[in-house]
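Q: Fold the following for me, if possible:
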Amino acid sequence: MFNKSMLCPLLIMLVIAAPPAFADSTTKPYVGVTIGTPLTSINKLSDSSGSLNTDSNPGYLAGLAAGVRFDSWESWNIEKIRMEAEVGYRSSELIRLKNAQGLSSDVSGKVTVTNFMINGYLENTSMLSQDLPVIIFLTAGAGAAMASIDSITYRGATLVAAASDTQLAYQGGFGAGYELTKHLTLDASYKYLGTTEFKFAGIKAQYGSHNILLGARYLFK
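A: The predicted structure follows:
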């Protein structure tokens, strides 16, 4: 599980870092796309009678981002800083429900999540080598996520009715990129996306998504 206690300090660092660095350098806008797979989705469903853990198949995701990149101060041990707005879409199939005793039943149902995030990136920090031929980065973000759940059924019987809800979202992760040209960068990353509890027609759903991503960014410079 992604360590949530590390998210707030990293977010604060990104917010504090951005204004002076932004003023001290020329900003370079960029746009980016990502594709990948969410390895997990909703991990628990609960109501007044109890709770059930869930399993899901790896799904698919896609995202678009637009942001700016700028140099940090020379005295800082951070080479570049990026700030961006991101919209993402991911879909997963729920396949199994399990109770506390480990008994499970196969089910069918789909969960889709659309997220809107503001993200910050620290590239080539002092914790990571600045001499590597790749760009190493850390990232954190916050925003909102809208989830929709299809009816979850078991042998034709509806266990959870179709519903949707919107909650606060947060994410964090790390990755590496390679500058293919002066304008085009390819990268691979891991991100964890979490939310506050979704509520689907009386059912509470805990959501946590481990995501493997491939991306491309075009830098205007």
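Q: Run through the helices of this protein in chain order.
A: 7-24 (DSSP state H).
Q: Residue ranges in it under the pLDDT threshold?
A: Within the chain, the stretches with pLDDT under 70 are 1-25, 73-76, 125-131.
Q: Taking the centroid of it, which residue is nearest it?
A: residue 193 (3.8 Å; C-alpha atoms, centre = their mean).
Q: For that residue, give me its contacts.
A: Counting by C-beta atoms under 8 Å, 6 or more residues apart in numbering, residue 193 touches 38, 113, 115, 145, 169, 170, 171, 208, 209, 211. (Glycine included, C-beta is placed from N, CA and C.)
Q: Equivalent analysis for residue 116, please.
A: 85, 86, 87, 143, 144, 145.
Q: before we move on, back to that, report the buried members of the contacts of residue 193.
A: 38, 113, 115, 145, 169, 170, 171, 208, 209, 211 (16 or more other C-beta atoms under 10 Å).
Q: Filter these down to the ones in strands?
A: Among the buried ones among the contacts of residue 193, DSSP state E puts 38, 113, 115, 145, 169, 170, 171, 208, 209, 211 in strands.
Q: which one is the second one nearest to, not counting chain neighbours?
A: Going back to what we said before, that points to residue 113. Of all residues not flanking residue 113 in the chain, residue 147 sits nearest, at 4.7 Å (C-beta to C-beta, 6 or more residues apart in numbering).
Q: that older thread, could you report the separation of the residue nearest to the centre of the chain from residue 113?
A: 8 Å (C-beta to C-beta, to the nearest Å).
Q: Report the set of residues contacting both of these two.
A: Taking C-beta under 8 Å, 6+ apart as the criterion, residue 193 and residue 113 both touch 145, 209.
Q: residue ranges of the strands in the chain, please?
A: Under DSSP E, the chain gives strands at 28-38, 42-47, 50-56, 60-71, 78-98, 104-125, 135-149, 152-154, 157-160, 163-179, 184-195, 198-200, 203-219.
Q: Just name whatever secondary elements the fourth one is in contact with.
A: In terms of contact count using 3 or more C-beta pairs under 8 Å, 6 or more residues apart in numbering; DSSP states H and E, strand 60-71 is assigned the packing partners helix 7-24, strand 28-38, strand 78-98, strand 203-219.
Q: again, only this time at 6 Å
A: The contact analysis (3 or more C-beta pairs under 6 Å, 6 or more residues apart in numbering; DSSP states H and E) places strand 60-71 against strand 28-38, strand 78-98.
Q: Same check on the third one?
A: For strand 50-56, the contact count by 3+ C-beta pairs under 6 Å, 6+ apart identifies strand 42-47, strand 78-98 as packing neighbours.
Q: Quick check: neighbours of the last one in the sheet, parallel or antiparallel?
A: This points to strand 78-98. Strand 78-98 pairs in its sheet with strand 50-56 (antiparallel), strand 60-71 (antiparallel), strand 104-125 (antiparallel), by DSSP bridges.
Q: Could you give me the buried positions within that strand?
A: Counting neighbours by 16+ other C-beta under 10 Å, one finds that the buried residues in strand 78-98 are 78-84, 86, 88, 90-94, 97.
Q: Give me the contacts around stretch 197-214.
A: 34-40, 42-47, 147, 149, 160-161, 163, 165, 167, 188-189, 191-195 (C-beta atoms under 6 Å, 6 or more residues apart in numbering).
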